[in-house]
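**Q** only geometry, no sequence info:
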């Protein structure tokens with residue numbers, strides 16, 4: 001049986017008005033991403049990849065077109081509804097980590113569960129579990145300044161996973177890391193994908209995109225190419 005569609009867009013369009021000029025960032029993107037796919041979205045500056053990431057992540061709304069996330073139509077949602085579906089369905093990993101500097105790794109990972117109203121005991125257990133998954137069982141009480149760049153990104157990945165999201169959405173996840181540490185983080189993504197996690201990475205780096213199983217390239221607000229780089233095989 002074919003995996004269910006997690007992300008589906010039809011004629012997704014986004015325009016911005018800057019003074020007298022209208023910027024057409026996305027010009028009608030049709031896209032399907034299925035459960036357990038590992039996808040890289042690429043494109044030159046101005047191609048629309050950041051805009052598409054913001055729409056897929058429910059951080060913004062389209063000017064026109066439709067978007068379904070896990071079979072829920074989100075294109076017309078208001079801010080509070082978008083915030084709720086973001087917290088429930090999407091795990092974000094950012095280039096700059098976005099960790100609270102005075103909070104421990106454990107507390108940083110707990111944050112989405114706090115926003116979701118999860119009881120203290122349950123959220124601590126879940127946060128400890130995902131920190132163990134990313135190899136930081138012995139760093140839970142450390143603050144970001146006491147962690148290496150790779151460890152900080154692992155905390156960010158754990159925070160993204162703690163709500164069991166439908167998709168893990170990563171924006172230039174190795175951009176602030178040296179090449180060896182970046183390779184370790186990409187290895188972690190491969191491990192997560194092997195457990196069934198759906199992963200979408202937005203990147204401008206070809207070597208990072210090579211880790212994904214499918215590569216989508218945008219140009220001038222449209223999908224230019226959509227290439228299956230390797231087949232995902234499940235027993």
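**A** On my side now, so go ahead. These figures come from a predicted structure and were not determined experimentally. Numbers count the residues shown, from 1 in each chain.
**Q** quick check: which element contains the residue nearest the centre of the chain?
**A** For the chain, the residue nearest the mean C-alpha position is residue 169 (0.7 Å; CA atoms, centre = their mean). Counting by DSSP states H and E, the element that carries residue 169 is strand 167-171.
**Q** ok, then the element right after that strand?
**A** Taking DSSP H and E, what comes next after strand 167-171 is helix 179-194.
**Q** so what's the gap between that following helix and the chain middle?
**A** 14 Å (CA atoms, centre = their mean, to the nearest Å).
**Q** same thing with stretch 28-40?
**A** On CA atoms, centre = their mean, the centre of stretch 28-40 falls 12 Å from the chain's centre.
**Q** and it, which residues are buried?
**A** Across stretch 28-40, burial judged by 16 or more other CB atoms under 10 Å covers 29, 31, 33-40. For glycine as for every other residue, the C-beta is placed from the backbone atoms N, C-alpha and C.
**Q** mind putting the residues you listed in CSV, pLDDT included?
**A** As requested, the buried residues of stretch 28-40 are exported to CSV (pLDDT from 0 to 100):
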residue, pLDDT
29, 96
31, 95
33, 96
34, 96
35, 95
36, 95
37, 96
38, 96
39, 97
40, 97
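**Q** and which of those is nearest to residue 108?
**A** Nearest to residue 108 among these, counting by CB to CB, is residue 38 at 25.1 Å.
**Q** can you pull the contacts of that closest one?
**A** 189-190, 193, 198-199, 211-214, 232 (CB atoms under 8 Å, 6 or more residues apart in numbering).
**Q** show me where the protein has its helices.
**A** 49-56, 79-89, 105-115, 120-133, 149-161, 179-194, 206-209 (DSSP state H).
**Q** tell me the strands beside the strand holding residue 169, with direction?
**A** Strand pairing for strand 167-171, determined by DSSP bridges: strand 90-94 (parallel), strand 198-202 (parallel).
**Q** winner for burial among these?
**A** Ranked by mean neighbour count, the strands paired with strand 167-171 are led by strand 198-202 with a mean of 25 (mean count of other CB atoms under 10 Å).
**Q** so what touches that strand?
**A** For strand 198-202, contacts defined as CB under 8 Å, 6+ apart pick out 6-7, 33-42, 49-50, 52-53, 56, 166-173, 189, 192-193, 208-209, 211-212.
**Q** any idea how far the nearest residue to residue 35 once chain neighbours are set aside is from residue 160?
**A** Counting by CB to CB, 6 or more residues apart in numbering, the nearest residue to residue 35 once its immediate chain neighbours are dropped is residue 3, at 4.1 Å. Using CB to CB, to the nearest Å, residue 3 is found at 21 Å from residue 160.
**Q** go on, residue 33?
**A** From residue 33 to residue 160 the distance is 17 Å (CB to CB).
**Q** mind putting the buried residues of stretch 28-40 in a markdown table, distance to residue 83 included?
**A** Formatted as a markdown table, the buried residues of stretch 28-40 follow (distance: CB to CB, whole Å):
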| residue | distance to residue 83 |
| --- | --- |
| 29 | 23 |
| 31 | 23 |
| 33 | 22 |
| 34 | 26 |
| 35 | 23 |
| 36 | 26 |
| 37 | 25 |
| 38 | 27 |
| 39 | 24 |
| 40 | 27 |
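**Q** farthest-separated two in the residues you listed?
**A** It's 29 and 36 that sit farthest apart of those, by CB to CB, at 21.7 Å.
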